[in-house]
Structures are given as C-alpha cells and as structure tokens.
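# sequence below, structure please.
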Amino acid sequence: MLRNAGFAVASSLKKTFAVTADPVTAAITSNVNVMQKAAYHENVIDHYENPRNVGSLNKKEVNVGTGLVGAPACGDVMRLQIKVDDDGKIIDAKFKTFGCGSAIASSSLATEWIKGKSMDDAGKIKNTEIAKELSLPPVKLHCSMLAEDAIKAAIKDVAKKRGAKKEE
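From the prediction side, this is the model:
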C-alpha cells in the first residue's frame, strides 16, 4: 500500500530525522507530525495507522468483483474487491488505495462495513455515513465518495461476472 500525503509525509520525516543529532530539526519534525495528526479525527488515524483488509483477491474468480475508482482532482485511486458466496453475501473484502489518510481510512472502514452484508445492503452504504463515522471535514468528503463508488463498482463487476457464468 502506498501512502503519499498527510501522515506518510510526517512519518517519513520523523523516521528520516529521528537519527539526526540536530535537535532543532528533530523538534520541527515532531511538531509537524503532531499538527498533521491533530487535523484528523481519531477514527481516521486508527484506520490509517492500522488499516483493515489491505490486499488483493483473485480478480479472475467469478465470485470476486473489483471496483477501481479515482479522483482526478487530488490523485487518489482506490481499488476495492469483494468476494461473495452463492447467495450473494459478501464473505471477504480487500482494498489497495493510493491516497491521503482520509482515502485510506474510508477504504478500510468500507471493507469492514460490507463484510457479511448482502450485495444489495452493501450497495446502500452512502458516503455520508462513512464521512460521519470518520468525522471527515468537508474538504475530504470526496474520499468517502470514492469508497461508495468503489463498493458499487465491485458489486456491479461481480454481478456481471456471475450473470455471464449463468448464461453459459
């Protein structure tokens, strides 16, 4: 998983400068890390630092659907995959996201929420629910929208694949 903004920058600086003997640089780096974390709700920080369900499923399997979505304005890209049983219940979900902490947290939370749900119920999850749970600020709402769109795209993909199998 790649991280390119917010916490990752702070973490990189912290790791890079933690070994330096320059106390001024170390203090600046520490303050940057604290300030960037303070801008995010604890739920975002938790899902960013401890993301759930990171990984991939075999996209060639008929019961695996993949949703790949992106936000051109900020460069975030999210891939969310679901695995469903014969009854259409989501039995597994994985994601890989290139983006900010809010995008990663939205992906992580979405995969937690959809596991165990029917495809119909998972498709009803709204970005506003994700944003509310993570306490995302208005400027980060597009991250929760990516998660909603990725869920819907993955459901559409697996439904299409399963429909094609039934026609054979």
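
# contacts, neighbours, all on C-alpha from now
OK.

# now the most centrally placed residue in the chain. Nearest residue, chain neighbours left out?
For the chain, Ser107 is the residue whose C-alpha lies nearest the centre (Cα atoms, centre = their mean; 1.9 Å). The spatial neighbour of Ser107 that comes closest, neighbours along the chain excluded (Cα to Cα, 6 or more residues apart in numbering), is Ala147 at 5.6 Å.

# surely the one you found is within a strand?
No. Read with DSSP: H, G, I helix; E, B strand; the rest coil, Ala147 is helix and lies in no strand.

# the strands in the chain, which residues?
Secondary structure of the chain (DSSP state E): strands at 64-71, 76-84, 90-98.

# what sits against the residue nearest to the centre of the chain?
By Cα atoms under 8 Å, 6 or more residues apart in numbering, the contact set of Ser107 is Met78, Leu80, Phe95, Lys96, Thr97, Ser144, Ala147.

# surely the fourth one touches Val69?
No. Because the distance of 11.0 Å does not satisfy Cα atoms under 8 Å, Lys96 is recorded as not touching Val69.

# hey, what's in contact with both of the two?
Met78, Arg79.

# the residue nearest to Ser107: what's it in contact with?
Counting by Cα under 8 Å, 6+ apart, Ala147 touches Met78, Leu80, Ala103, Ser106, Ser107, Ala110, Asn127.

# could you do Glu112 as well?
Arg52, Asn53, Ala93.

# go through the residues you listed and name the one nearest Glu61.
Ala93 (13.7 Å; Cα to Cα).

# this protein: helices as residue ranges?
Ranges of helices in the chain, per DSSP state H, are 7-17, 23-38, 42-49, 101-114, 119-122, 127-134, 141-167.

# worst average pLDDT in the ones you listed?
Lowest mean pLDDT within the helices of the chain: helix 7-17, a mean of 31.

# partners of Lys83 in the sheet?
Assessed by DSSP bridges, Lys83 has beta-bridge partners Val64, Asp92.
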